[in-house]
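Peer 1: Output the structure for:
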Amino acid sequence: MTAHRKITHVAAGILIKPDGQFLLASRPAGKPYAHYWEFPGGKLEAGESAFQALCRELNEEMGITVSAATPWLTQRFAYPHALVELRFFKVRAWQGELHGHEGQFLAWQNIGQLSVSPILPANGPLLRGLALPEQILLSNLSELGEERLIEQLRQKWQSEATWLLLREPQLASSAYAALAKRIAQLPRPQGGRLIIHRDLALAEQLGVQHIHLSSSQLQQMSTRPRSMDWVGASTHNESDLKRCEDLGLDYAFLGHVNATQSHPAQAPLGWPAFAALLEQGWRFPIYAIGGQDPATLNTAQEHGAQGIAMLRAAWNYE
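Peer 2: Residues are numbered from 1 along each chain as shown. Just a heads-up that it's a prediction; the model follows:
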């Protein structure tokens with residue numbers, strides 16, 4: 001039982017280079033789990049915020065001054081010696097030369113290609129979240145038409161690892177299946193991904209291992225779809241987010257955050273409410289959706305998001 005154990009609050013930083021490499025540090029000798037690898041950080045002191053603790057710990061442990069960091073995930077983990085709640089930040093800019101002041105080793109790693117082990121148990125689940133992109137695109141068949149959508153998507157997949165959610169609720173199931181089959185056959189030499197919306201049977205039929213659930217579908221699910229590699233869902237409130245966590249989903253869309261043509265009669269969530277929901281702490285990355293474009297990416301991340309999901313702003317209409 002962990003209900004009556006005291007919680008140790010920890011702030012940890014994921015240092016990320018422009019090329020996507022991230023830093024892991026070994027735990028010094030004499031500490032629990034010595035020589036395991038982790039994201040560097042430490043305990044909050046009395047009166048400190050998680051961000052203040054992060055800055056202090058990274059300065060003490062590695063001699064750097066944080067100059068750009070955004071909140072990310074919260075992970076609670078029960079070790080034999082402690083129940084810890086870790087607040088993780090993505091740190092993209094710092095000053096000073098990295099050096100292990102406590103005798104720890106430092107190693108830059110590539111996503112999906114770790115060269116060090118073992119990983120501290122509480123840090124392991126975050127490695128999957130780091131593989132998610134900052135932007136997920138939503139298809140816009142009604143405004144582009146099929147041929148323009150296919151051609152623009154072909155160009156994107158030829159040059160970058162774009163993630164596309166094929167979300168076309170206006171289509172009959174047969175028309176959606178035909179479009180999905182055509183798109184699934186496009187080459188993706190850079191590792192782009194196709195995400196099927198709602199239709200698990202279609203995803204399995206096409207050999208697509210990525211599914212995105214609607215918010216109503218989310219509430220009806222009793223277990224995570226086992227045949228899928230990546231599973232996400234659309235959410236609008238705390239109840240939806242809790243359901244994502246209970247099912248062990250990989251990510252969520254939360255919104256709509258800003259006013260959008262897709263829901264003109266519905267009041268937007270707004271950034272303060274979006275941030276308040278994220279501050280509750282979730283184990284999975286969350287994307288802002290609704291009125292998003294490349295210019296809102298930084299705002300979304302400053303409020304704790306993984307990134308943004310874009311509809312109209314993702315495509316060229318000229």
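
Peer 1: switch to C-alpha atoms for all contacts and neighbour counts from now on
Peer 2: Fine.

Peer 1: the helices in the stretch 151-300 of the chain, which residues?
Peer 2: Taking DSSP state H, counting those that start in this stretch to define them, one finds helices in the stretch 151-300 of the chain at 173-184, 200-206, 215-220, 238-247, 271-278, 297-302.

Peer 1: Tell me which of these lies nearest to Ala131.
Peer 2: For the helices of the stretch 151-300 of the chain, the distance to Ala131 is smallest for helix 297-302, at 16.0 Å, taking CA to CA.

Peer 1: Give me the contact list for the following helix or strand past that closest one.
Peer 2: Next helix or strand after helix 297-302 toward the C-terminus (DSSP states H and E): strand 307-310. Around strand 307-310, the neighbours that count as contacts under CA atoms under 8 Å, 6 or more residues apart in numbering are 133-138, 253, 286-293, 296-297, 300-301.

Peer 1: For PyMOL, write the selection for the buried entries among the residues you listed.
Peer 2: Selection of buried members from these for PyMOL, criterion 16 or more other CA atoms under 10 Å:
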select buried, resi 135+136+137+138+253+286+287+288+289+290+291+292+293+297+300+301
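
Peer 1: ok, now which ones touch the residue nearest to the spatial centre of the chain?
Peer 2: Nearest residue to the geometric centre of the chain (CA atoms, centre = their mean): Pro285, 3.1 Å. Counting by CA under 8 Å, 6+ apart, Pro285 touches 72-73, 129, 250-252, 305-306.

Peer 1: and with 7 Å instead?
Peer 2: 73, 129, 251-252, 305-306 (CA atoms under 7 Å, 6 or more residues apart in numbering).

Peer 1: what do you get for Trp94?
Peer 2: Shown in contact with Trp94 (CA under 7 Å, 6+ apart): 64-68.

Peer 1: go on, Ala178?
Peer 2: With contacts taken as CA under 7 Å, 6+ apart, Ala178 has no neighbouring residues.

Peer 1: mind checking how far it is from Ile195?
Peer 2: 15 Å (CA to CA, to the nearest Å).

Peer 1: again, but for Gln113
Peer 2: Gln113 is 23 Å from Ile195, by CA to CA.

Peer 1: now Phe253
Peer 2: 13 Å.

Peer 1: got it, and His263?
Peer 2: According to CA to CA, His263 and Ile195 sit 22 Å apart.

Peer 1: picking that back up, looking at Gln113 and Ile195, which one has more neighbours?
Peer 2: It is Ile195, of Gln113 and Ile195, that has more neighbours when counted by other CA atoms under 10 Å, with 24 against 7.

Peer 1: for the more buried one, which residues make a bridge with it?
Peer 2: Beta-bridge partners recorded for Ile195 (DSSP bridges): Leu165.

Peer 1: Looking at it now. What's its pLDDT?
Peer 2: Ile195 is assigned 98 on the pLDDT scale.

Peer 1: what does Ala3 give?
Peer 2: 51.

Peer 1: Identify whichever of the helices of the stretch 151-300 of the chain lies nearest to Asp229.
Peer 2: helix 200-206 (11.1 Å).

Peer 1: Dump the closest one to PDB, restricted to CA.
Peer 2: This file holds the C-alpha atoms of helix 200-206, laid out as PDB (Å, rounded to 0.1, in the frame of the first residue of the first chain):
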ATOM      1  CA  LEU A 200     -10.000  -0.200 -35.200                       C
ATOM      2  CA  ALA A 201     -11.000  -3.000 -37.600                       C
ATOM      3  CA  LEU A 202      -9.900  -0.900 -40.600                       C
ATOM      4  CA  ALA A 203      -6.600  -0.100 -39.000                       C
ATOM      5  CA  GLU A 204      -6.000  -3.800 -38.400                       C
ATOM      6  CA  GLN A 205      -7.000  -4.600 -42.000                       C
ATOM      7  CA  LEU A 206      -4.600  -2.100 -43.400                       C
END
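
Peer 1: Against which helices or strands is it packed?
Peer 2: Packed against helix 200-206, as judged by 3 or more CA pairs under 7 Å, 6 or more residues apart in numbering; DSSP states H and E, are no other helices or strands.
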